[in-house]
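Q: After the sequence you'll find the predicted model.
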Amino acid sequence: MEYLKIFFVNTAILITLAYLANLIYKHTLSHASRRIQQASWVVLAIFAGWASSLFGYRLDEHVIFDLRYVPLMISALAYPHPYTLIVIGSGIGLMRLTFGVTDAAWVGVLNMSLLGLLCAGLSFWIRRTPASMGMKGLITIVLVNIVNVVNIAIFGVIPTREYITEIMPVTLPAGFVLSLLFALIIRDFHLEHKQRGQIIQANKMLSAQTEELHKNKIVLEERARQLTLASQYKSQFLANMSHELRTPLNSIINLSQLINEHEGTLSRQEVGEYAGIIQRSGEDLLALINDILDLSKVEAGKLDVVLEELNVSEIPELVALQFDLIAKQKKLDFLITLDDNVPLTITSDPKRVQQILRNLLANSFKFTAAGSVALRVRTEEQAAGDGLKRWVVFDVTDTGIGIAPEKHDLIFEMFQQADPAISRQYGGTGLGLSISSDLARLLGGFITLHSEEGRGSRFSLYLPY
């Protein structure tokens, strides 16, 4: 009867320790790393085994009966790792020596070490078998209790006959029933921890989803803003386009009608002037249509470039022919320089290079009322990976109205200008720089801008050697 009382006391102690451990885990260790949690479990299991021995039944001065193997048994189900179970079994066994170094104590060390090896072996089966957790627990409890009894019978200091006939019939059933009861209680703790972990994980997932939804909302709001701006810019573009188309068309129609109606009364000089205006209007209209066609090809990804040998030294002569007259009309200095180290030829698309330079120079002349416009052809080296990349650079510099720094990126986008009022004052559709930037990328280069409002601009076209 004394065995049963002590075993119940041991069970109460272990349940109390389990409850305290549950509180400690909930408020401190639940956020710790898995390694710290596992180390804490090992310490707790060894301490629980020692507490069982402290309140165990003393058959005589040296022999103690208790449930010290129960923490090891529960560990086999909670942490089925061989080395961990061997450490727990040996640790509980060595703690038995704190109650006196006797033959019975060494038998206790040997018994717990053997039970640790048994649980280590069972851990392989627990992790691999498809059996339910209840079945795994039942088999573990039965085997550990039976091997514990066998070890005491073989290695114990109590005579084997006395142990088998008088002690074992009481301690084995009691140990089995109390082990099973404690395992059921621990199972409830385990389920509670599992549910708490699932709730924490669900909360983390909800927080992550909420944050993702918030980010998506911001992205959608930004896209909606961009769509609104794009719609606004396209509306402005269409208004500008209608104006740009209507102006040369009206000139062509009105002057053609005037010539037709007064064919016999107009002088040769007047006819020549009208014909010149019609020609310039037609050329402006053709240039505008070409810009629209280039834009549609860029958007469709069908704008082709033809790479061939480009004579760099011819560029200044070509642009001089095109813009000298405009410079004289606006009384602007037009300066062209070609650095000595510039290569004679590069591989590129001559037609597209001239188109880009025409756009850049046309903008410079359009937005410059006094001062100068300059074209400089030079070379530049830039770091690229482990080496240097060499570029031929075409700098177009003017002393015009300039561009505010916050508008530098904006002017390279389709349908957009630094200020909508510019299109009303100076004309244009805002396509030239966007098309030029796309053409530069197709040629393997890029365009940079350095400008301040009221202090002029410098557009630089970079083309690879």
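A: Alright, I've got the coordinates. Numbering: from 1, shown residues only.
Q: Would you mind pulling up the elements that the helix or strand where residue 138 lies packs against?
A: Per DSSP states H and E: residue 138 is located in helix 133-155. The elements that helix 133-155 packs onto, with contact taken as 3 or more CB pairs under 8 Å, 6 or more residues apart in numbering; DSSP states H and E, are helix 69-78, helix 103-128, helix 168-261. For glycine as for every other residue, the C-beta is placed from the backbone atoms N, C-alpha and C.
Q: That helix to helix 69-78, inter-axis angle?
A: Relative orientation of helix 133-155 versus helix 69-78 (axes from the mean of the first three to the mean of the last three CA atoms, to 10 degrees): 140 degrees.
Q: let's have the chain start at 186 instead
A: Sure thing, new numbering starts at 186, so read that last one as helix 318-340.
Q: Give me the distance from the helix or strand that helix 318-340 is followed by to the chain's centre.
A: The first helix or strand that comes after helix 318-340 along the chain, using DSSP H and E, is helix 345-347. With CA atoms, centre = their mean, to the nearest Å as the basis, helix 345-347 stands 71 Å off its chain's centre.
Q: Same question for stretch 324-331.
A: Offset of stretch 324-331 from its chain centre (CA atoms, centre = their mean): 51 Å.
Q: quick revisit: in TSV: the helices and strands packed on helix 318-340, plus distance to residue 515.
A: Putting the helices and strands packed on helix 318-340 into TSV (distance: least, CB to CB, whole Å) gives the following:
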stretch	distance to residue 515
helix 254-263	89
helix 288-313	87
helix 353-446	19
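Q: rank those by mean pLDDT and give me the bottom one.
A: Sorting the helices and strands packed on helix 318-340 by mean pLDDT places helix 353-446 lowest, at a mean of 77.
Q: shaky segments in the stretch 186-335 of the chain?
A: In the predicted model, the stretch 186-335 of the chain carries pLDDT under 70 at residues 186-193, 195, 204, 207-208, 210-212, 214-216, 242, 244-247, 250.
Q: now the helix holding residue 323 against helix 353-446, angle please.
A: Angular relation of helix 318-340 and helix 353-446 on a 0 to 180 degree scale: 150 degrees, by the same axes, to 10 degrees.
Q: in helix 318-340, what counts as buried?
A: Buried residues in helix 318-340, counted by 16 or more other CB atoms under 10 Å: 321-322, 325-326, 328-330, 332-334, 336-338.
Q: orientation of that helix relative to helix 288-313 in degrees?
A: Relative orientation of helix 318-340 and helix 288-313, computed by the same axes, to 10 degrees: 150 degrees.
Q: What are the contacting residues of helix 318-340?
A: Among residues not part of helix 318-340, those counted as contacts by CB atoms under 8 Å, 6 or more residues apart in numbering are 254, 257-258, 261-262, 292, 295-296, 299-300, 303-304, 307, 311, 314, 343, 345, 348-349, 353, 356-357, 360-361, 364-365, 368, 372.
Q: Can you pull the domain assignment for this structure?
A: Domain assignment for the chain, taken from automatic domain parsing, gives 187-394, 416-485, 493-649.
Q: Tabulate the ones you listed (TSV), appending distance to residue 404.
A: Formatted as TSV, the domains of the chain follow (distance: least, CB to CB, whole Å):
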stretch	distance to residue 404
domain 187-394	15
domain 416-485	18
domain 493-649	19
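Q: Quick one: closest of these to residue 403.
A: For residue 403, the closest of those is domain 187-394, at 15.0 Å, according to CB to CB.
Q: How far away from the center of its chain is the closest one?
A: Going by CA atoms, centre = their mean, the spacing between the C-alpha centre of domain 187-394 and its chain's C-alpha centre is 46 Å.
Q: Distance of residue 458 relative to residue 451?
A: For residue 458, the distance to residue 451 (CB to CB, to the nearest Å) stands at 10 Å.
Q: Same check on residue 473?
A: Counting by CB to CB, the gap between residue 473 and residue 451 amounts to 28 Å.
Q: okay, these two: which has more neighbours?
A: Here residue 473 and residue 451 are set side by side on neighbour count (other CB atoms under 10 Å), and the busier one is residue 473, at 18 against 15.
Q: Isn't that one up against residue 430?
A: Yes: in terms of CB atoms under 8 Å, residue 473 counts as a neighbour of residue 430; the distance is 6.7 Å.
Q: In what element of secondary structure is residue 646 found?
A: Using DSSP H and E, residue 646 sits in strand 642-649.
Q: and that strand, which strands flank it?
A: On the basis of DSSP bridges, the sheet neighbours of strand 642-649 come out as strand 572-583 (antiparallel), strand 631-636 (antiparallel).
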